[in-house]
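> Got a sequence here, can you build the structure:
(chains A, B and C)
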Amino acid sequence: MIYSQIFDMVNIGIAILDRDCHVVKWNRWLEVRSKISPGEIIGKSLFDFFPELDKPWFHRNFKTVRNFGNFSFFSQKLHSYFFPFKALNTLGSKFDYMQQSCTMGPLRNENNAIEYVFITIQDVTEIAAYERKLIELNTEDGLTGIYNRRYLESKLEEEFLRHQRYSRPFSVIMMDIDFFKKINDTYGHQCGDTVLQTLVKKISSNIRKVDIFARYGGEEFCLLLPETTLEAANLVANNLRVIVENSDFRYNDRDIRFTISQGVSALSEGDESAQTLLRKADSALYEAKRTGRNKVVSH
Amino acid sequence: MNKDIGGLFSDEDKDILQEVMNIAFGNATADLAEVIDIFVVLTVPQIQVMKIHDLPAYFEQNIHGFDRLWKLDQKFWGDFAGSGLLVFPEKTGKFLVELFEAGDISAAESKPFDSLEKEILLELGNILVGACVGKIAELLDTRVTYSPPVASQGESKDFSALVETFDQEQTAITLKTVFEFENQNISGLLFLITNQDSIKWLKKSLNNYLESFDE
Amino acid sequence: MIKKILIVDDSPIARKIMRTCIPKDRGYELLEAVNGKEGLEKHRTFKPDLTFMDLTMPELDGYKATEEIKKIDGNAVIVAATADIQSKSLERITALGAFAVLKKPPQKSAIREILDQVEKHLAKNQKGGVDE
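Numbers count the residues shown, from 1 in each chain, chains lettered A, B, ... in the order given. Next up is the predicted model:
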C-alpha cells in the first residue's frame, strides 16, 4: 500500500514502458507536467505522444536496457532534456524547456527476464539556471555584456587545440579603438563608456553566431573566427573597419566619429600555442597603429 | 604472474573462464547488432591474471600506438564486480559521430561537436560494457548494476589514476578484446577488470556453470 | 546411422561440455581435435559421420577447416558451433557447406534435434544409393 503511494508522491517523474515502448505506468509527476493523464497514455506507444523520441538514440538506449539489463544515463549537461515540458519556475525562463536529468533501467519478472523498462526524470532546471548565472558572471564583461578576457583565453585555448587537431583554418583579430584616451579626455568617461557599448553593438551585429567577441582590455577587443582562413578574416576585418568608420554616433548633441585599428593572424603550421596566434595578431595591430590607424594589418 | 594465484584461481578455472568469455563475447557481438544496427565484431578475449600494481604497465603495453585517446570508465557492481574500460584513438571520435548520428541530423546540428563526441562515446561505452558484462552475468546466473560511465581524453600512460583507487596488492583478472566496426575502419579496445573479491565468487560460479551441463 | 562423432574446438572446456551434452546411451564413438588443422587430419583418418566444428580457432579456423573438408569429402556432415550468431556469420558458414549451426552455449535439446536431423539426412542418402 505504501509502495503504490510512493509512485505518485515522489518529486520525480517515473514512466514504465513494456518491451515495445508502450506505456504501462505514468506517475502523477508526469501527469501534471505533461498534461497527459495515465488514462490517455497507458496502453499506447510512447511515440504517439512524443514523436520526437522516435529516434535512433532513444532506440539504442532503450534496447541496451531491454536486452542487456544495464542502465542508460542522460545528464542535463549533454542532453538538456528528455521530454519537452515547460519550465515551471521563474528561473527557468532562461530555458525553453524544463532541464532534465534522466535514467532508464530494467525491471524483471519472476523468471528474471526483463519485462519492462523504467524511465526516471528529474527536474534540474533550477540548478542548471544557477550554473548558467554563475558562468555568465564569470565570463561576461559588465559594461558591454560580451565575453570577458578570462572567457576568451580559455575559449581561445579550446578552439586552438580543436582546429589544430582537425587541421581546420582558424583566425584571430585584435582590435583597438583609435584615440580612445582622447575621447575620454575630451568628452568624459561616460561618453567613453557609451562609445565602447556602441562599438560592441556594431561589431556584434556584423559577425556570425559561431564567432567569439570579447573585451580584452580597456579599449581592446578580440574576435575569434573559427573555420576561417586568413583571407576571409581580412575581409571581415576590413568590412568592420568600414562599418565603424561610417557609423553615426551622437553623444550630448555632438557627432563623434571613431575608428578602429585591427591586427589579424591565422593558425599556421608550427604555431606552438594559442598564445602564438594572439602575439601575431597583437604585433599586427601594433603595426596598424604605427602606420596610420583605421587600418587592417595581417601577420 | 599466475604462480602465486594458483590457489585462488587454478588453470582449470582459467579454462572455464576462457570458454565462458568466448561464449559471452560471441553472444554479445550478435546482440549488439540488434541494438546499434551496425556490424561490430568482438575478438576472442585474452585473459590474464595479475596484481593491480601491474595494471599500468599492462595498459601501456596493450595500448601502444594510440597516442592520444578517448577513454571511458564504467564500474559495475554485484557478485561479479569491477570496471569496464573502453579505449579509442582520439581521431576515431569524429567517425563515430558520423556513424551514429546518421539518422539524427537535427540533433547533431544543434550541438557543439565536442559534446556530441562525448555523448556518443558515453552511449557506446555503456552499450558495449552492458552487452559484455550483461552476457557474462546471464551465463553465470547473477545480476549486475552499473555506475554512470565517465569519459575523458588522455594519453596511454595516463592509466595510473584509474588504478590508484584500487588496493595495489589485490589480484585482478583482466579481459581484453578488440572491437571493430566492420567496413568502417573504426576499432578500439575493451578491457574488463574484475577485483579480487569477485575472483572467489567467480571460481565457484564457473564450476557451477560447468556442472550445470551434467543435469 | 551415426556411429562416429568428431568434436573440433580449441577450448578443452567446450569439448568437455559437448561430451557431456551428447547423449551417452546411443553408443557413439567420440573423438576430439584441438584446432582446425588437427580436425582436418582426424577427419581424414577417423571418418566421422558427424563433425561439430568450432568457428574461432587458431591454426586454421572453423570456416577454413569446413571448406577444406568439404573439398575432400563433399558429403561430410559438419555442424558449426558458435557463440556469434549474426546472420552474416551464419550465411558465410552455410555457404561453405555447413549442415547446421549450433548456438553456444549448447542446449541438450538443440543437440538432440541436430542428431535427429543428421540421422534423417544420412538415412535419405543411403536410400538414394549415394555410397562413398
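
> Going by C-alpha atoms from here, please, whenever you check contacts or count neighbours.
OK.

> all strands of chain A, in order?
Taking DSSP state E as the criterion, chain A carries its strands at A:13-18, A:23-26, A:72-74, A:100-108, A:114-123, A:170-177, A:212-215, A:220-226, A:250-251, A:254-255, A:260-266, A:296-298.

> can you pull the contacts of the nearest residue in space to residue A:16 that is not next to it in sequence?
Once flanking residues are discounted, residue A:16 sits nearest to residue A:118: 4.4 Å by CA to CA, 6 or more residues apart in numbering or on different chains. Shown in contact with residue A:118 (CA atoms under 8 Å, 6 or more residues apart in numbering or on different chains): A:14, A:15, A:16, A:17, A:104, A:105, A:106, A:107.

> picking that back up, in JSON lines: the strands of chain A, plus mean pLDDT.
Output for the strands of chain A, formatted as JSON lines (pLDDT from 0 to 100):
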{"stretch": "strand A:13-18", "mean pLDDT": "96"}
{"stretch": "strand A:23-26", "mean pLDDT": "96"}
{"stretch": "strand A:72-74", "mean pLDDT": "88"}
{"stretch": "strand A:100-108", "mean pLDDT": "93"}
{"stretch": "strand A:114-123", "mean pLDDT": "95"}
{"stretch": "strand A:170-177", "mean pLDDT": "96"}
{"stretch": "strand A:212-215", "mean pLDDT": "96"}
{"stretch": "strand A:220-226", "mean pLDDT": "96"}
{"stretch": "strand A:250-251", "mean pLDDT": "86"}
{"stretch": "strand A:254-255", "mean pLDDT": "86"}
{"stretch": "strand A:260-266", "mean pLDDT": "96"}
{"stretch": "strand A:296-298", "mean pLDDT": "94"}
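
> Select, out of those, the one closest to residue B:186.
Closest of the strands of chain A to residue B:186 is strand A:72-74, at 23.3 Å (criterion: CA to CA).

> Give the other helices and strands that the closest one contacts.
Applying 3 or more CA pairs under 8 Å, 6 or more residues apart in numbering or on different chains; DSSP states H and E, one finds that strand A:72-74 contacts helix A:56-68, strand A:100-108.

> Tell me which of these approaches residue A:136 most closely.
strand A:100-108 (20.7 Å).

> Are there helices or strands packed against the closest one, and which ones?
Counting contacts by 3+ CA pairs under 8 Å, 6+ apart, strand A:100-108 is packed against helix A:56-68, strand A:72-74, helix A:76-79, strand A:114-123.

> Number of residues surrounding residue A:96?
11 (other CA atoms under 10 Å in any protein chain shown).

> I should have written residue A:211 there, sorry.
Counted with other CA under 10 Å, the neighbours of residue A:211 add up to 15.

> Could you pick out the residues of chain A near chain B for me?
Proximity of chain A to chain B is confined to A:55-57, A:59-61, A:63-64, A:67-73, A:78 under the rule CA under 8 Å from any CA of the partner chain.

> So, low pLDDT: which residues of the stretch 1-150 of chain A?
Applying pLDDT under 70 to the stretch 1-150 of chain A flags the ranges A:89-93.
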